[in-house]
Structures are given as C-alpha cells and as structure tokens.
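Visitor: sequence? don't have it. structure:
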Ligand code: GLA
C-alpha cells in the first residue's frame, strides 16, 4: 500500500472504526531494498522485480520492470540517455519515474505547476528516501523552488503488484497551481512490438475489450465526465506480439479514482514507451496555498509472464486480498433479488411483499427494492433528492416490508442515488444553489436530473444526515448506490477565487468520506457501486463498496462479452449478474431460463425477473440452480478464472473455468451462440487443475452431450479435455468437477 493509499486507508480506518475485516497491511511483505552506493532501489514480489535509481543529474530514472531478477543481480547505476539531437533533449528521452514539466521535457509530465510569477518550469531532483516494510518512499524537490514531491512505491508480496502514488506539497511563500498531477509515470522495457489493451463502452455496452499496437504517438483513455464512466475504464494492459491468453508478458495497471481521470500511453521519438496515469489534466487546476498538499490517486501496476489470464488472476487476487472491504477474505456475495425490471417505479408494499415471498421460495438471500420508493418518485421526472418514504406507496413506511423480508429469511436492501437531484423535488426547491453549475448559465439536465455539489460541506453533511437517518431507522443491510448522469457545467460558484476547479478532486474525496462514514456508523452495511450500470467501477470505489452493477444490459448473451471484458480487469466475485425476463427488455432476445442462469452464474448471481410471470416449472428450475450456485459460489467468486474460449470477435462459442484456490473444485461454463453438431466444436481443455488429483464430473445444467468419463485425473481433464457438444441458438452447459 502506498503512502497515499495508506493515508486514505488510515482516514477510512478512522472513519470505519469498527468495520470488521479491513486490513491495513497484508501478512506477507514484499522486499524493498536499496543499493546505497549506486542509489538503485528494488521492489521484489512474487515473480516480479521493479527497479529504479537516481542518475548523475539527481533525477529518478526507471530501470527495470518484469520477471523477478535474482537477489544477487546488481543493477548498475542509471545513466541519462545522451542528447540524441537538439530536438530530442535528454530529459525527453530518458525514462523518468515522475517527470515534472520543465527543463525541456516534451513528453507527458507527471506534474505540471504554474507559479504566481508566471514560471512554469519544474525540475524534480532526488532528496532522500526511506524503506519501510513493503514500501519505498522517495522525496524529491524542484531544483530551486520549495515544491516537494513524495513518491510512494508499495509492493504486494504475493502478487508483485505495485501501488504507486505521489503527494505534492507547497512549501513556497505563495500559492502554486497544479495544472496536472499523475500518480506515476511507468516506463516499459524497450521493445518494438507492444500492444495496448483497454476497456471502452457506453450505457448497456460496457467493458468492450480493445487492442491496438503501440506506435509512435499517444493513446489517451480518459473520463472527463466527473465519474469513472462507461466510455473508458481506467485499466490498461500492455502485451507483446505473441502474448496470448495463457502465455507471454503482460504489464497491466489500473487507477483507483472515481472522478475524471486519464491514462496516457505514448511512444517517444526513440521508441520509449510509458504510461502516465492520474487526474485528468483536462480542465484541471488545483491551487495549493503555502503549506497545503495534494495527493494523487493510486495507480496499481502488475506484471505477469502468463498472458492475459495470468495477469487477471493476479489482479483479481490483489483486489480480494488488498482492496475490497473485508479483504483479505471478502464475504461471499449473497444471492439477491432486485425488483427494478419487474416493477420499475411502480413499487408498493403489497407488490414487493408478493415478489419477496416468491424470491424467498427459490433461495434468494437478499431482497432489494430499487428506484421509486421515495418522495414523489413515479417516474424519472421527480423526487430525486427527497429520501423519505413515499407514503402513498408504503402507507406504514418500509418497516412492515422489511419485517416480512427478514421473516422470509432474507436481508433487505434499498436503491439510492444520493448525489443527484430532480429540479422537481423539495430538495432543489429549497437549495437550488446546491448543484454543480456555472453562475448565470443554463444547467443541462440529463434524465431530468442535476448533480449535487458534494464538494460542498453543507451538501456532504446533508447527505450524511439523511442517509444515516434512513439506515438508523430501518434494518437495511445493503444500498445499491447509483449515479445516473455525466457532469455538465462543472462550476462551483461559491468556491474561493481561483479554486472552482478543485471540484473534480474535492467531490470524489467527499464521496469516499461519505461512504466510509456510513460504513463506520453501520458496520453491517454493504454497498453496490452502480452508475447507470457499470459507469463507476474502479479500484478507488472498490475499497468502499462490496460489489458493482456490471451493466443495465441484462441480456445473457450480450453479457458474455461484457463479463469477459470486465474479467480482464476486475474480480468476478464483485460482478453482479441478474437473471431477468425473456424477451429481454433491451434487445428483445429470447433465451431459455437455464441459459440466463448459466450466464449470470459466471459472476455473483442475482435475479431481476418478474416472478409474477413465472410458471411452476420456472420456480422449480430456479430453485435447483440457485442451490447449485450456492455450492459453487466460493469457487466462482474466490477461485482462479481461466478464460478457456474467448467470446470476443463474434466467436460462436465461449467457455470459462473457475478453479478453487485449493484446487479441489472447478466449475466449467460453456456457451454456444449458434450452431449444431456438424459445426466443429473442439474439445475444451481445462486448466489450473491439480494434475494428480482425481476429479468427478457432474453436469449442473445444460443441453450438452459430453463424451467423457465420469472420473478422471486433473491431467486428463487438462490434456484430453471435455467434448462439450451444444446444438441450436443460445445454448449453454455447466459442469462441476469435484476433486477427491
Ligand atoms: C439505473 C440503474 C438501474 C436502475 C435504474 C433506476 O439505470 O443502473 O439498475 O437502478 O437506474 O432508476
């Protein structure tokens, strides 16, 4: 954990107080070391070495990031790249750990500062360092002005994942303005065959995996929307030509920040490749008074020699063991029912009780009432902001419903969208100044709503008070926390002169503080991060929320691609996936209930169908599959994921395998888009099993014929594989392998 991470975690810890399970430091430590003579620093974790040093100019220079080196290997002191031509000055072609904009730097800086006298030149030099448990802290300072930067490098021993961040402190006598601040600049070894993978999307189509060659020039992925966004997710992976799913090098990283962010990947004129990740410099300006400081978000970066599969397994583990609430052993996700697709805004006590009874009958563990329960909320036109129970819909409040839900053996959960307001609401009528806006300019609405300025103290306190009251007065185990629009007119008229743009950072800091404080006051509370589906999924929000809503697109076939993209970056255990109705509300596709279940069972299972329309056989099938899921969920949610057959590029088939950490159970899912017996369906070779252990195979569900023995060794299942033959449109099968 980095210094900033630690600071934020400490803040969260102070706020979280009694929240069980949050771990400040994991049990195993990485080894930070320094060669004092050469001023070379090393972090060694499982399978990975990261090294940097101080060069003759006092600059921090990247040296190595890749497969673990021997502890005996001595890296020579770094040397700045000599001037190549008068157009490529050494600062621009030397790989720096944290370059300031200055001294001729023309590649992407990690920090850019404007001083009151108009100087915009920052040359950072090494001052001191400190080794502490799993981390190295390096202090740097501008060549002449008192701008101090503290870099933290913390490596998680068991995954070799490095958390990097920076704190900038103004020790000058006047203000300085930060125009740009990144967590880190990370340089890759010199190679000429890199590929960049990243995730893009839109509402209903999140986590689309993109890959392109890295060539001279830049690739920018970013959000300017105030929120993480659907459009791009702050995760990248850099591979080489020839890297495959299970082999070859992959360098990967993700930024833990839920506001506007940017990752800039570029190749300079001499072929050096670097990634710079941090606050989005677009429209960024953050003034620091004398004595003030600003911390960057944390960039979490890892390396795997085992392809994209190896990279994502490491990252999933890191998220479970280091990031998520409850780490290193986050609670298994309860199976939930959510009424949104069944009832939309038409919620009332009788209707919800009827659904709850049906949900309980199939083994659901948590019942969630979505939008529509509060204020004058009968559509998306009114009521947002008024977090009081609608007495027309719930004449006796929520208590009788919660009591019934609890009596049925389920936890109760509720949807909220605290950061938003409809102009047609009591809150907005009372506090029209509480929204993000530019003085005297139109306030653009989206979904008939505006964004509250959570950076304001009064807005923060109001939200804390109303949400705390809601949670104190009701037995609420879970909040689905939504954020349904991108920002517009990002102004903060009441801010001190020159400080309006602090909004981008202050808003998100208060969001984190609010979530942490609510969790501290209500230690059993769990939270889902939702933003019109998967618009706020990142490692920042993940530290404070237990699960995420992957997409409003609940079509089980579309989901295969969305889930595949998601799994490249994020842990399947937090990926909520509901079984909803057919035809699907969004694309009208008709699929069988079983197919819908199997698609959802690849993540954390939920049900979002209108149970009032189910037939007896649907309940029977659902009950059986819910019970099956309970028996495999620990493997799916905490196991190692192998993407055996990719659904990308319109593939006819796809398949995943989850293997329990102890190797004793594995779960195989296989899907066919369209086809038949005559289409070749090669056997699926499993991975990650214990070759010597015998596993018995059992079909959980599905229409497949599998020509296979019932019991065989891990070596057999991995070598010979299973012939899963599916026939027709949208067919699926799932098998569990139990090890003896
Ligand atoms: C967003 C969410 C949905 C649902 C609606 C309610 O779109 O992503 O799941 O909660 O809001 O208005």
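Guide: Cool, the structure landed. Note that the structure is predicted; figures quoted are calculated from it, not measured.

Visitor: Please make it C-alpha for all contacts and neighbour counts, starting now.
Guide: Fine.

Visitor: For the chain, what lies in contact range of the ligand?
Guide: Near the ligand, the residues belonging to the chain are 370-371, 530-533, 552 when assessed by C-alpha under 6 Å from any ligand atom.

Visitor: among the residues you listed, who's most crowded?
Guide: Using other C-alpha atoms under 10 Å as the contact criterion, the top neighbour count among the residues of the chain next to the ligand goes to residue 531, which has 27 neighbours.

Visitor: Verify the stated contact: it with residue 480.
Guide: No: here residue 531 lies out of contact with residue 480, judged by C-alpha atoms under 8 Å, at a distance of 9.8 Å.

Visitor: For whichever residue of the stretch 401-550 of the chain sits closest to the ligand, give its distance to residue 359.
Guide: Relative to the ligand, the nearest point of the stretch 401-550 of the chain is residue 532 (3.4 Å; C-alpha to the nearest ligand atom). Separation of residue 532 from residue 359 (C-alpha to C-alpha, to the nearest Å): 24 Å.

Visitor: Same question for residue 571.
Guide: 26 Å.

Visitor: Residue 254 should be in a strand, yeah?
Guide: Yes: membership of residue 254 in a strand is supported by DSSP: H, G, I helix; E, B strand; the rest coil.

Visitor: burial of it, as a residue count?
Guide: Counted with other C-alpha under 10 Å, the burial measure for residue 254 works out to 24 neighbours.

Visitor: Next, the contact list for the residue nearest to it when sequence neighbours are not counted, please.
Guide: In space, and not counting its chain neighbours, residue 254 is closest to residue 235: 4.2 Å by C-alpha to C-alpha, 6 or more residues apart in numbering. Taking C-alpha atoms under 8 Å, 6 or more residues apart in numbering, we find residue 235 in contact with 198-199, 252-255, 569.

Visitor: try residue 647
Guide: Counting by C-alpha under 8 Å, 6+ apart, the residues that residue 647 touches are 560-561, 564, 653-655.

Visitor: Compute the distance between it and the ligand, please.
Guide: Counting by C-alpha to the nearest ligand atom, to the nearest Å, the separation of residue 647 from the ligand is 24 Å.

Visitor: Start at 44, not 1
Guide: Let's use 44 as the start, then, which means that last one is residue 690.

Visitor: In what element of secondary structure is that residue found?
Guide: Counting by DSSP states H and E, residue 690 is held by no secondary-structure element, helix or strand.

Visitor: pLDDT on whichever helix or strand residue 767 is part of, on average?
Guide: For residue 767, the enclosing helix or strand under DSSP H and E is strand 766-768. For strand 766-768, mean pLDDT rounds to 91.

Visitor: Please apply the same query to stretch 142-155.
Guide: Per-region confidence: stretch 142-155 scores 96 on mean pLDDT.

Visitor: Mind listing residues that contact it?
Guide: For stretch 142-155, using C-alpha under 8 Å, 6+ apart, the contacting residues are 132, 134-135, 141, 156, 163-167, 221-228, 307, 311, 319-320.

Visitor: I'd like to know which of these are buried.
Guide: Neighbour counting by 16 or more other C-alpha atoms under 10 Å classes 132, 134-135, 141, 156, 164-167, 221-228, 307, 311, 319-320 among the contacts of stretch 142-155 as buried.

Visitor: Would you reformat the residues of the chain next to the ligand as JSON lines and include pLDDT and secondary structure?
Guide: Listed next are the residues of the chain next to the ligand as JSON lines, based on pLDDT from 0 to 100; DSSP: H, G, I helix; E, B strand; the rest coil:
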{"residue": "413", "pLDDT": "98", "secondary structure": "coil"}
{"residue": "414", "pLDDT": "98", "secondary structure": "coil"}
{"residue": "573", "pLDDT": "98", "secondary structure": "coil"}
{"residue": "574", "pLDDT": "98", "secondary structure": "strand"}
{"residue": "575", "pLDDT": "98", "secondary structure": "coil"}
{"residue": "576", "pLDDT": "98", "secondary structure": "coil"}
{"residue": "595", "pLDDT": "98", "secondary structure": "coil"}
